[in-house]
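Undergrad: sequence unknown, structure follows:
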Ligand code: C2O
């Protein structure tokens, strides 16, 4: 294990990744795309961040890192820290105790769609598939907007958007650019680490005339499983092994296709699918993909809920807490479109929830202390927790839990023909009596972000073995800003015994004008 140190001086730079428009993006050390973070398991990752944006708060969340014992390094503003105001510094410092494919992104409102997101890879030379791999590629896919998130905000969050319609992207990118070639040799096995770093739109992924083998989802190794099309909701990751052909005479299209069912309108100039290449021969032609479906929902992606974790962790039983909530997209009294879990639209507290845990003494076990609008659930240490999430909305939602991966017990409808059409029916809520538990898998798939089907539901479980304040939220960033989130306050008594907050974290609060006990 070693220290891996990054100095991130965050500032505005200009970029034009789609060739259609220059725009301001959030750069690091004067450059964009941002640096990929590379570490090995066991390393200490230290990121010194200076906010040089001048006009905007920031923070960093290392998506999928469990942050066991370091909840204060998790990054979401007003959950575990204050937003870092312009001119302030903040150091993230934690031990990486897990393998796989992750990403980092700003976790302050109206921030990461401006480009503040990139891959974080934890390399593992002992992975069960490591010996087969000739080389690996990290591949991000994302929607792209020409407008600053702050400039999208006024109309999006207003009476003029009563349905809460999400902003329509201007383009889609592959590795933050267009027309990328991944150079390969014949007869070898390559690993592709796929990450959807977008703000809104899910992506289908396939390679012409190649199948692949899934070996990891969201940092969890899986039994090797063959697939030919994947569906990546926002924030989801897959590692796949691709065996190349015997001959190197042509190049094959790598296709990403945006899930057009999410878009309320599709501008005629918006290119929904991209071609990039698995390049066997740089001098041969690079043909555009031959797209055979007229709409993305005609594709039939692999169902991630059927994957079996390589470690065969058995089904968690006897939940001590069961949280049953429904996604509701609705209007506030004044007609503005907002997002709710049951009847609560998450609103950030005045003091970070973590700091309230540490100062509340015995009251910390009482969810009311954190304020109704944080939608907090206090979880007992080491208890099995179940979340039943119903979708009373006609759109799909990629839900993410901080600090954990979770077991996927049931999802309805499954990926496939029904998944995106189901919205036309009435919402189908989970009911343990009628839906039963007998269908729960013996070794449930685990991941940290799961797509909730339109009008359907999912049931997940995890163990509350990681004391901390962890958000559970829709990872469509527009929905998070509309309040589609709740807070898990996990083992507050343990947090009080174990956690101390570094001085620079309190200093950021002071600079941000937030009064805490530590400043
Ligand atoms: Cu990528 Cu709150 O998460």
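TA: In hand now; what should we look at? Small disclaimer: the values here were computed from a predicted structure and weren't measured.
Undergrad: right, and residue 324 touches residue 385 too?
TA: No: with contact defined as Cβ atoms under 8 Å, residue 324 and residue 385 do not form a contacting pair (12.0 Å). Where you see a C-beta, it was placed from the backbone N, CA and C, and this is true even at glycine.
Undergrad: more crowded one of these two?
TA: Comparing residue 324 with residue 385 by other Cβ atoms under 10 Å, the one with more neighbours is residue 385, at 23 against 16.
Undergrad: how about the nearest residue to the more buried one, chain neighbours excluded?
TA: Nearest non-adjacent residue to residue 385, counting by Cβ to Cβ, 6 or more residues apart in numbering: residue 321, 4.8 Å away.
Undergrad: hang on, isn't the one you found packed against residue 382?
TA: No: contact criterion Cβ under 8 Å: residue 321 and residue 382 do not qualify, at 11.6 Å.
Undergrad: who touches both of the two?
TA: Common neighbours of residue 321 and residue 382 are listed as residue 464 (criterion: Cβ atoms under 8 Å, 6 or more residues apart in numbering).
Undergrad: get me the contact residues on the stretch 401-519 of the chain for the ligand.
TA: Counting by Cβ under 6 Å from any ligand atom, the residues of the stretch 401-519 of the chain lying close to the ligand are 402, 471, 473, 475.
Undergrad: what's the closest of these to residue 490?
TA: Using Cβ to Cβ, residue 402 is the member of these that lies nearest residue 490, at 10.0 Å.
Undergrad: quick one: that closest one from residue 480, how far?
TA: For residue 402, the distance to residue 480 equals 12 Å [Cβ to Cβ, to the nearest Å].
Undergrad: compare the two (neighbour count), which wins?
TA: The neighbour comparison of residue 402 against residue 480 (other Cβ under 10 Å) goes to residue 402, with 28 against 21.
Undergrad: is the residue lying closest to that one once chain neighbours are set aside bridged to anything, and to what?
TA: Excluding its sequence neighbours, the residue lying closest to residue 402 (Cβ to Cβ, 6+ apart) is residue 470, at 3.9 Å. Note on residue 470: beta-bridge partners residue 488, judged by DSSP bridges.
Undergrad: and residue 470, what is it in contact with?
TA: With contact taken as Cβ under 8 Å, 6+ apart, residue 470 is in contact with 71, 74, 79, 401-404, 487-488, 490.
Undergrad: generate JSON lines for those, with pLDDT and secondary structure as supplementary columns.
TA: Below are these laid out as JSON lines (pLDDT from 0 to 100; DSSP: H, G, I helix; E, B strand; the rest coil):
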{"residue": "71", "pLDDT": "98", "secondary structure": "helix"}
{"residue": "74", "pLDDT": "98", "secondary structure": "coil"}
{"residue": "79", "pLDDT": "98", "secondary structure": "coil"}
{"residue": "401", "pLDDT": "98", "secondary structure": "strand"}
{"residue": "402", "pLDDT": "99", "secondary structure": "coil"}
{"residue": "403", "pLDDT": "98", "secondary structure": "coil"}
{"residue": "404", "pLDDT": "98", "secondary structure": "coil"}
{"residue": "487", "pLDDT": "98", "secondary structure": "strand"}
{"residue": "488", "pLDDT": "98", "secondary structure": "strand"}
{"residue": "490", "pLDDT": "98", "secondary structure": "strand"}
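Undergrad: between these, which sits nearest residue 228?
TA: Nearest to residue 228, judged by Cβ to Cβ, of the contacts of residue 470 is residue 401 at 28.8 Å.
Undergrad: report the separation between residue 225 and residue 240.
TA: Applying Cβ to Cβ to residue 225 and residue 240 gives a distance of 10 Å.
Undergrad: ok and the residue in the protein nearest the ligand?
TA: Nearest residue of the chain to the ligand (Cβ to the nearest ligand atom) works out as residue 63 at 3.5 Å.
Undergrad: for the residue nearest to that residue when sequence neighbours are not counted, helix, strand, or coil?
TA: On the basis of Cβ to Cβ, 6+ apart, the spatially nearest residue to residue 63 that is not a chain neighbour turns out to be residue 103, at 5.0 Å. Following DSSP: H, G, I helix; E, B strand; the rest coil, we place residue 103 in the strand state.
Undergrad: identify the bridge partners of residue 103.
TA: Listed beta-bridge partners, residue 103: residue 63, residue 119 (assigned using DSSP bridges).
Undergrad: that one against residue 118, yeah?
TA: Yes: look at residue 103 against residue 118 with Cβ under 8 Å: they come within range, at 6.4 Å.
Undergrad: when these two are compared, which one has more neighbours?
TA: Using other Cβ under 10 Å as the criterion, residue 103 and residue 118 rank with residue 103 on top: 24 against 20.
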